[in-house]
Each structure stands twice: as C-alpha cells, then as structure tokens.
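Asker: predicted model and sequence follow; I will ask about them next.
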Amino acid sequence: RLRDEAASTSSPPLQLPSTTRREDRPEVTLPPQKRLGIALGPGYNVGESSSTAAARPAGGLRTDYGFVATMDREIMRDPDREVGYRITDSWDEIAETLMSREAWVRSTDASDLVRGEVMSLRTTVLGQMSEIRELQAADRRRQTVISELLRTDHRRSTKITELRTALQGQVTALQG
C-alpha cells in the first residue's frame, strides 16, 4: 500500500535535453588528422597511403563490447523476450518489399501485354463486325433481286399457262 501511495505522489522522471538539435552544437573546424582521430576513436592512428589518408588500428586494438553488454542487460531484464527480432523483421520487410515490387512490375508488364492483346482483338472484332454488316446489306440486296425475279417468273409461268390453255382451245376448235 505504501508503494502505491509513493507511486501516485512521485513526480515524473526528468527528461534529458534532446541531443539531436543542431543549434545546440557549436561548429568546430578541425584538421583532418584530429577529425579522423575523433571519428575512429583512440585505438587508431592516422597515416598516409599512396592515395588518401588511411586509418590503421594502433598496436593493442581494444574491441568495444558495449553492444554485447547492452544485449546481455536486455536479456537479463526480460529473458522471455526474443532479442534481435526487430533486425529479422526489418530484413523480412525489406525482402517482402522487394518481392512485392517485383510482383508489381510483373503484374504491370502482364497487364500491359494483356491490354495490347485486348486492343488488338477489339480492332479485329470491330473490323469483322463491319464486314458482317456489309455482307448482311449485300445479302438483303440479293434477296430483294431474287424475290423480284421469282415474282417475274411466276407472272411468266401464269402467262404461259394462260396462253397454252388458249392455244389448246383453238386447236380443239380447229379439229372439231
């Protein structure tokens, strides 16, 4: 109970000032050897190579195990937590992004190919439909001509039948 009261009355932890603001840092111009020494740390010496200034480890190089110590502390604080999962997740996300991008490119290429084929088929179909309409119009004209010829033929057949009947009547009258 005392712990609960203490927790509720205590003030929030103090926040450290941000170290990311550039206006807080004075700009300093250092000679290249000093800049390289600061950047590389005390375990390196600066020397000249044939092309550029080179940094080489000095004699007894000390390895910084700060990262390992940090990981050890993190593991001890929460032993059930999987350490380093964020790194794996990041690589998985990168791989997934690359695969997704490749799939998108393939699908875009396939889509463009299909679009071209569809446009080609559409052009073919439109041409064939136009040809079909022309053939149907020609067929209607021919059917009209055929119908007219059949009517003319029927009239002639009727006339021939009438003339034959009249001729038979005259032949019968002459024989008679």
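Answerer: Thanks, I have it.

Asker: where does Glu93 land on pLDDT?
Answerer: If you check Glu93, the pLDDT there is 81.

Asker: what about it, distance to Met99?
Answerer: Noted for Glu93: a distance of 11 Å to Met99, by CB to CB, to the nearest Å. To be clear about C-beta, it is placed using only N, CA and C from the backbone, and glycine gets the same treatment.

Asker: residues shared between the contacts of those two?
Answerer: Residues touching both Glu93 and Met99 (CB atoms under 8 Å, 6 or more residues apart in numbering): none.

Asker: sketch out the low-pLDDT regions of the protein for me.
Answerer: Within the chain, the ranges that satisfy pLDDT under 70 run 1-89.

Asker: at 90 what do you get?
Answerer: For the chain, the stretches flagged by pLDDT under 90 are 1-98, 176.

Asker: just give me the neighbour total for Ile160.
Answerer: For Ile160, the neighbour count with other CB atoms under 10 Å is 10.

Asker: am I right that it is in a strand?
Answerer: No - under DSSP: H, G, I helix; E, B strand; the rest coil, Ile160 sits outside any strand and is assigned helix.

Asker: any idea how far Leu126 is from it?
Answerer: 51 Å.

Asker: for Ser107, same thing?
Answerer: Distance from Ser107 to Leu126, by CB to CB: 28 Å.

Asker: one more: Thr158?
Answerer: 48 Å.

Asker: now Leu174
Answerer: 72 Å.

Asker: more neighbours: which of those two?
Answerer: Legend: neighbour count by other CB under 10 Å for Leu174 and Leu126, higher for Leu126 (10 against 7).

Asker: how far away is the more buried one from His154?
Answerer: Relative to His154, and taking CB to CB, Leu126 is found at 42 Å.

Asker: before we move on, what about Thr144?
Answerer: Per CB to CB, Thr144 is found 16 Å from His154.

Asker: what do you get for Glu93?
Answerer: In terms of CB to CB, Glu93 sits 87 Å off from His154.

Asker: surely Ala166 forms part of a strand?
Answerer: No - per three-state DSSP, Ala166 lies outside any strand segment and is helix.

Asker: what about it, neighbour count?
Answerer: 10.

Asker: repeat that for Lys159.
Answerer: Neighbour tally, Lys159, other CB under 10 Å: 10.
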